[in-house]
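Enquirer: Below are the sequence and a predicted model; questions follow.
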Amino acid sequence: MDRATIWAHIHAERAALAATLADLDEADWAHDTLCPGWSVHDVAAHVISTPQIGWRQLPGMLARNLGRGYNTMIFREVKRLGAQETRASILADFERYATSTHHVPTTTSVEPLIDALLHHQDIVRPLGRQRTMAPAAAVVAADRVRRLAPLMGTGRLVRGVRMVATDVDWERGRGPTVTGPIQELLMLASGRRPDPALVSGDGLALAGA
């Protein structure tokens, strides 16, 4: 998929997430998400922070988290951002950066797509809501997540199961099989629990899903 199409998917998912957030009440914003320790408020602030992080911000992030691992750094930065931002300022940022094509230095243009797709699910699923990913976008995100698996803590899973999508022509990996819609396989590859009603296969035992 070319970069212009990737950014079109990112902008579409950002707009959909902004609409979801605007429809939530105060209690929903304080609700837990699929990300342990992160509220809806925290996740929303994180997603829309990525168009705002440039080379100038990186030294501070590294200094604040010296000696800590990648996941710990992300957790601490998300909580810090969440504490600084209000519900109104987060929604304003979603409007301001709706069509931004900036991504965090050292990352690719696919990382904002991963963030938008997965974090939208992180928010809506615990609230009993649904959001269907664009399958073509989920394919691009899933391939990138597989490459980032060691960093995300899912390297063993990605290496040990064969994932086969039922809604698009996509098959990756070797070993016991997990089948399901590409969005559920993306959830699984990123360390999230897929919808058990939509996935099947003997690879689920290894995945712990």
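Expert: On my side now, so go ahead. Residues are numbered from 1 along each chain as shown.

Enquirer: and this protein, what are its domains?
Expert: 3-127, 135-207 (automatic domain parsing).

Enquirer: Can you say which of the ones you listed is packed in most?
Expert: Highest mean neighbour count of the domains of the chain: domain 135-207, a mean of 19 (counted as mean count of other CB atoms under 10 Å). In this view, the C-beta of every residue, glycine as well, is placed from N, C-alpha and C.

Enquirer: That one spans what distance, first to last residue?
Expert: 22 Å (CA to CA, to the nearest Å).

Enquirer: what's in contact with the helix ranked longest in the chain?
Expert: Longest helix of the chain, by residue count under DSSP state H: helix 3-22. With contact meaning CB atoms under 8 Å, 6 or more residues apart in numbering, helix 3-22 is reached by 29, 40, 44, 47-48, 90-91, 94-95, 97-99, 101, 109-110, 112-113, 116-117, 119-120, 123-124, 129, 131, 133-134, 136-137, 140.

Enquirer: per-residue confidence averaged over it?
Expert: Helix 3-22 shows a mean pLDDT of 97.

Enquirer: okay, residue 105: pLDDT?
Expert: 74.

Enquirer: One more: the one 10 residues further on?
Expert: Per-residue confidence (pLDDT) for residue 115: 94.

Enquirer: isn't it right up against residue 47?
Expert: Yes - using CB atoms under 8 Å, residue 115 is in contact with residue 47, at 5.5 Å.

Enquirer: residue ranges for the strands of the chain, please.
Expert: For the chain, the strands defined by DSSP state E occupy 162-165, 171-172, 177-180.

Enquirer: and those as TSV, adding distance to residue 190 and mean pLDDT?
Expert: Below are the strands of the chain laid out as TSV (distance: least, CB to CB, whole Å; pLDDT from 0 to 100):
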stretch	distance to residue 190	mean pLDDT
strand 162-165	12	97
strand 171-172	14	96
strand 177-180	14	97
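
Enquirer: so which of these comes closest to residue 105?
Expert: strand 171-172 (28.3 Å; CB to CB).

Enquirer: Sheet partners, orientation included, of that closest one?
Expert: strand 162-165 (antiparallel) (DSSP bridges).
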